[in-house]
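*Asks:* sequence? don't have it. structure:
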C-alpha cells in the first residue's frame, strides 16, 4: 500500500520488528507535528485526505497511523490481537516514529483521533502528553462513575459491542464460526433492524443496495470503500473483545478508565471535539460537552447532516476546524 505524497516509515508493534507503517508527509523542519489515527475498522486511507491538506496547505509534518494490524490483510501477526494498554504502546511507537522524522526538537504535537483511535489518543494525552488534541465523534467516559445520557444509547452500544466481541472470540476457537456470527449479527444489527439497533445513521450507510448499506459484512470486497474505508473482519473486532473482557475485572476496568480519563486530559491541553449530529446514538455525554464549552481554548462542533465519519461527510468543514485549531 502507498499514498501519493507520503513516505512509509516502518516502526515496531510492541516486540514485532518493523511490523507497522506510519505514512508521513511534510517537511522535517516543520514547526508543527500532527499524528492521526482512525479507529474501527479503518486503515490509514481514512485520514490520508485530511493529513495531505494539513501537510500541503498548513506546512505541518504529518504522520498517519491506524489501529495495530488494521492495515494488514491475511493472517494476523498476533492472532490474540492487542489489549487497550498494548494499543496505546503501539500508538506511542508511531508517535516516536513521527518525531524521528522531525529535525525541529521544539515542534509542537497535535493528535487527531477518531473512534477506537480515541483510546490511545487519550492514553497518550494523559501520559506522554501532547500540545493539542482533536477528537472525532467519540469521547471516553468512565463506565463506573458516568451514567449514560440515555438508556437506549447504552443498550444499543452494548448490543453491537458484544456482537463484535463474540465474533472475535468465536473466531479464535473456529474461524468459520466467528465469520458466521459476524455476518448474521451485522445483517440484523446494521441491516434488518438498523432503524433501532444501528448506533450510527443514514450518512454512514453504504449507498449501493441492501448488502452495501449494511457495509459491514465480512465478505465485502476490501477495495469497495464504505463510510469507514475498510471492511470488518473478525480479527479487527479485537478492541471490542479486550475492552469488554475488562468488565469481568473491575480493577482492570478502573486502570483503563484512569488512563483515558477525560477530565484529566482536559486539564493538560486544549481539546477540539467534532461530532456528527445525525446519528441514532451519540458517543459522548452532555456533561462532557458542557465542560468543553466552559474550558478556555477548547471547542465543540456538532455538524448537522453528518454521521460517525463526519470528516468524510463534511471534509471541507472538518478541515477548516482542524486547521484553525492546530494553527491557532
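*Replies:* That came in fine, so what should we check first? Since this is a predicted model, take the numbers as computed values, not measurements.

*Asks:* Show me the strands in the chain, by range?
*Replies:* For the chain, the strands defined by DSSP state E occupy 7-13, 16-25, 32-37, 61-65, 108-114, 132-136, 271-276, 299-303.

*Asks:* For those, could you give me TSV that also reports distance to residue 182, mean neighbour count and mean pLDDT?
*Replies:* Every C-beta, even on glycine, is put in place using the N, C-alpha and C of the backbone. Listed next are the strands of the chain as TSV, based on distance: least, Cβ to Cβ, whole Å; neighbours: other Cβ atoms under 10 Å; pLDDT from 0 to 100:
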stretch	distance to residue 182	mean neighbour count	mean pLDDT
strand 7-13	24	16	98
strand 16-25	25	20	98
strand 32-37	24	28	98
strand 61-65	25	29	98
strand 108-114	22	24	98
strand 132-136	25	26	98
strand 271-276	24	24	98
strand 299-303	30	17	98
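
*Asks:* Distance to residue 190 for those strands - can I get that in CSV?
*Replies:* Converted to CSV, the strands of the chain look like this (distance: least, Cβ to Cβ, whole Å):
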stretch, distance to residue 190
strand 7-13, 29
strand 16-25, 29
strand 32-37, 24
strand 61-65, 26
strand 108-114, 19
strand 132-136, 20
strand 271-276, 16
strand 299-303, 22
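
*Asks:* of the ones you listed, which approaches residue 199 most closely?
*Replies:* In this view, the strands of the chain are compared for proximity to residue 199 by Cβ to Cβ, and strand 271-276 is the closest at 11.3 Å.

*Asks:* so where's this protein shaky on pLDDT?
*Replies:* Along the chain, segments meeting pLDDT under 70 span 205-230.

*Asks:* mind running it again at 50?
*Replies:* 208-227 (pLDDT under 50).

*Asks:* Helices along that one, start to end?
*Replies:* Ranges of helices within the chain are 48-58, 84-100, 118-126, 151-173, 175-187, 194-197, 209-214, 238-245, 250-259, 262-266, 286-294, 310-313, 315-327, based on DSSP state H.

*Asks:* Tabulate these (a markdown table), appending distance to residue 274 and mean neighbour count.
*Replies:* As requested, the helices of the chain are exported to a markdown table (distance: least, Cβ to Cβ, whole Å; neighbours: other Cβ atoms under 10 Å):
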| stretch | distance to residue 274 | mean neighbour count |
| --- | --- | --- |
| helix 48-58 | 11 | 19 |
| helix 84-100 | 20 | 20 |
| helix 118-126 | 12 | 25 |
| helix 151-173 | 19 | 18 |
| helix 175-187 | 27 | 18 |
| helix 194-197 | 24 | 14 |
| helix 209-214 | 25 | 15 |
| helix 238-245 | 21 | 22 |
| helix 250-259 | 23 | 15 |
| helix 262-266 | 15 | 17 |
| helix 286-294 | 11 | 14 |
| helix 310-313 | 6 | 24 |
| helix 315-327 | 6 | 16 |
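
*Asks:* Ok, which of those comes nearest residue 137?
*Replies:* Residue 137 lies closest, by Cβ to Cβ, to one member of the helices of the chain: helix 310-313, at 6.1 Å.

*Asks:* Dump the helices of the chain to CSV, plus distance to residue 231.
*Replies:* Below are the helices of the chain laid out as CSV (distance: least, Cβ to Cβ, whole Å):
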stretch, distance to residue 231
helix 48-58, 17
helix 84-100, 20
helix 118-126, 21
helix 151-173, 13
helix 175-187, 11
helix 194-197, 17
helix 209-214, 11
helix 238-245, 15
helix 250-259, 27
helix 262-266, 31
helix 286-294, 31
helix 310-313, 16
helix 315-327, 22
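
*Asks:* wait, which of the ones you listed is closest to residue 34?
*Replies:* Comparing the helices of the chain by Cβ to Cβ, helix 48-58 comes nearest, at 5.5 Å.

*Asks:* what's the angle from the closest one to strand 61-65?
*Replies:* 170 degrees (axes from the mean of the first three to the mean of the last three Cα atoms, to 10 degrees).
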